[in-house]
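Colleague: what follows is a predicted protein model with its sequence.
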Amino acid sequence: MHPTRRMKIVATLGPGSSDPATIAALFDAGVNVFRLNMSHGSHADTAARHAAIRALEAERGRPIAILADLQGPKLRCGTFANGREIIVAGERFRFDLDEAPGDATRVGLPHPEIFAALQPGSIILVNDGNLRLRVEERSERHADCTVLVGGAISDRKGVNLPDVVLPLAALTPKDREDLEFACTMGVDWVALSFVQRPEDMDEARALVAGRAAVLAKIEKPSAVAVFDEILARSDAIMVARGDLGVELPVEEVPPIQKRLIRACRRAAKPVIVATQMLESMVSSPVPTRAEVSDVATAIYEGADAVMLSAESAVGQYPVEAVGVMVSVALQVENDATYRPAIDATRVAVTGTIADGVVAAARTLSEATPSIRAICCFTHSGSTANLVARERPARPILALTPFEATARRLCLTWGVTSVRTVEPVERFKMAVISAVRAACKIGLATREDDIVVTAGIPFNVAGTTNILRVAPCDEARLRGAEPV
């Protein structure tokens, strides 16, 4: 179960990794969360992958999280009569609503809302930012631009507008259909793409209606500008550096990544670092040194998870890519500089009894050598996330009666989640259950102690208010004073 690894791994399934044998190999290699990319494949393909994951979960007897990633409002230009043209820096080029195939002077852009939002001076990026144009004049049906950076432009290339907040809903009709399908199927997380404003999250949460946790992908400058408000409305965050690096100067992305990770840690909400982490492993059995350093940086910063995209979806070495991430995580987390780096970026949060309890659990566990783990009982997962916010040196064991909570916590840093089968009505029985679970999965032995947190009255969400140090030897535990 990789109990010594704190960082979690998200792997995208695709044509190169959808058969049950490969999914099982990815899980055994260290994957905690499987991502279903709703931009590609049919609902039948997605349902087959979902079924394979759930079958594996039942076989292994361990929770596995599934994340459905919605496509979002991807903007694309139209087609060209020749399929491809070259536009030259300094020349003029027009985007318009004309459906006729384009040429070297113009192309269709079938999004009237874009022309309503553009202003003279607005920047238009095409083909992942390889082409750059500046708007000189605009109307409701066209935009005349100067080409700043030229090159090849071809059919249906992606269009980005870095300095414009578009009057577009974050959920397209396709996204709404995909979201309902994913929630009905039973995914654990739904990721919303191209979030621009806090209200985008409100819309998604209303449609999800509690059937899954909702994650915001931060990939637009407008989302960075109002990040705190988006974070408050989200259950987790993905730092999606691909489009973010297109719409912003690339040198701005690393400090934004660092700021967003710290904000998520302070809010006790999981954060994923994504895009091109081991990109060369799509076709190579080994990563570049720079890619390894990129993964390591996210771990040193305290990110909850790192993600594989094309590396596991279409790459030739998906299992090897997971193995590299696991090896890097274990090496970093056992490095002498890791704990000081994590502690230096820890923010002490106060204000509630739960804040005090989880802070005390961390302090106790690190000050007492015999304590080997922190065990918490949780209904919604919030207590486990609060404990993880402290980034303790000891593993975290989350016990919950709810299958959905156990699965969602697969994304949270340092947490091993276990679903409790038997109902626990009293704190003393909770302590015994925690001791048995910690010993069963190898987080502690009979000679060790654990810290147990829970809430009284029991089985009431949001009442974390009690902490106990418990011996893992049940004979000693039962001989202790009643609790």
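Modeller: Thanks, I have it.

Colleague: read off the pLDDT value for T464.
Modeller: As predicted, T464 sits at a pLDDT of 84.

Colleague: so who does it touch?
Modeller: I353, A354, V357, V358, C376, T383, L386, T453, A454, G455 (CB atoms under 8 Å, 6 or more residues apart in numbering). Where C-beta positions appear, they are placed from N, C-alpha and C, glycine not excepted.

Colleague: now it, nearest residue through space, not along the chain?
Modeller: Spatial nearest neighbour of T464, excluding adjacent residues (CB to CB, 6 or more residues apart in numbering): A354 at 4.1 Å.

Colleague: separation between the spatially most central residue of the chain and F80?
Modeller: In the chain, the residue lying closest to the centroid (CA atoms, centre = their mean) is I272, at 3.5 Å. Separation of I272 from F80 (CB to CB, to the nearest Å): 37 Å.

Colleague: same deal with E279?
Modeller: In terms of CB to CB, E279 sits 28 Å off from F80.

Colleague: quick check: pLDDT value at E91.
Modeller: pLDDT, read off for E91, is 97.

Colleague: actually R478, sorry about that
Modeller: At R478, pLDDT is 69.

Colleague: among the helices and strands of this structure, which has the poorest mean pLDDT?
Modeller: Here the helix or strand of the chain ranked lowest by mean pLDDT, DSSP states H and E is helix 474-479, holding a mean of 72.

Colleague: quick one: residues in contact with whatever helix or strand D243 lives in.
Modeller: Assigned by DSSP states H and E, D243 belongs to helix 241-247. With contacts defined as CB under 8 Å, 6+ apart, helix 241-247 is touched by 125, 128-129, 160-162, 194, 218-221, 224, 253, 256-257, 273-276.

Colleague: would you mind writing the CA trace of it as PDB?
Modeller: What follows is helix 241-247, C-alpha atoms only, in PDB (Å, rounded to 0.1, in the frame of the first residue of the first chain):
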ATOM      1  CA  ARG A 241       0.300  24.000 -16.300                       C
ATOM      2  CA  GLY A 242      -0.300  23.200 -20.000                       C
ATOM      3  CA  ASP A 243      -2.800  25.900 -20.900                       C
ATOM      4  CA  LEU A 244      -1.600  28.100 -18.100                       C
ATOM      5  CA  GLY A 245       1.900  28.100 -19.700                       C
ATOM      6  CA  VAL A 246       0.300  29.000 -23.000                       C
ATOM      7  CA  GLU A 247      -1.700  32.000 -21.800                       C
END
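
Colleague: any weak-confidence spans in this structure?
Modeller: 1-3, 423-424, 458-462, 478-483 (pLDDT under 70).

Colleague: tell me the domain ranges of it?
Modeller: Per automatic domain parsing, the structural domains of the chain span 8-73+169-334, 84-160, 353-479.

Colleague: do you know which of those domains lies nearest D343?
Modeller: domain 353-479 (7.6 Å; CB to CB).

Colleague: roughly how far apart are E113 and L409?
Modeller: Distance, E113 to L409, using CB to CB: 39 Å.

Colleague: that older thread, now do the SS call for the residue nearest to the centre of the chain.
Modeller: strand (DSSP: H, G, I helix; E, B strand; the rest coil).

Colleague: which residues does it contact?
Modeller: V10, L215, A236, I237, M238, V239, A303, D304, A305, V306, M307, L411.

Colleague: the fifth one reaches I218, doesn't it?
Modeller: Yes: at 6.8 Å, M238 counts as touching I218 under the criterion of CB atoms under 8 Å.

Colleague: the two - which one has more neighbours?
Modeller: The residue with more neighbours, out of M238 and I218, is M238; 29 against 25, by other CB atoms under 10 Å.

Colleague: so the more buried one is in which element?
Modeller: Counting by DSSP H and E, M238 is found in strand 236-240.

Colleague: which residues sit against that strand?
Modeller: 189, 191, 193, 213, 215-219, 230-231, 256-257, 260-261, 264, 269-275, 303-304, 307, 411.

Colleague: pull out the buried residues from that strand.
Modeller: Buried residues in strand 236-240, defined by neighbour count with 16 or more other CB atoms under 10 Å: A236, I237, M238, V239, A240.

Colleague: mind putting those residues in TSV, distance to G315 included?
Modeller: Output for those, formatted as TSV (distance: CB to CB, whole Å):
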residue	distance to G315
A236	25
I237	25
M238	20
V239	21
A240	19
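
Colleague: ok, of those residues, which one's closest to T405?
Modeller: Of all these, T405 sits closest to A236, with 13.8 Å by CB to CB.

Colleague: now do the strands in the stretch 201-350 of the chain.
Modeller: Remark: strands assigned in the stretch 201-350 of the chain by DSSP state E, counting those that start in this stretch are 213-218, 236-240, 271-274, 305-308.

Colleague: am I right that C145 sits in a strand?
Modeller: Yes: looking at C145 with three-state DSSP, it is inside a strand.

Colleague: hang on, isn't it packed against L131?
Modeller: No: assessed by CB under 8 Å, C145 is found out of contact with L131, at 10.2 Å.

Colleague: which residues are common contacts for those two?
Modeller: By CB under 8 Å, 6+ apart, no residue touches both C145 and L131.

Colleague: and stretch 297-312, what's buried?
Modeller: Per 16+ other CB under 10 Å, stretch 297-312 contains these buried residues: 297-312.

Colleague: can you say which two of the residues you listed are spatially most distant?
Modeller: Farthest apart among the buried residues of stretch 297-312 - using CB to CB - are G302 and A310, which lie 25.6 Å from each other.

Colleague: which residue ranges of the stretch 151-300 of the chain form helices?
Modeller: 173-185, 198-208, 221-225, 227-232, 241-247, 253-267, 289-300 (DSSP state H, counting those that start in this stretch).
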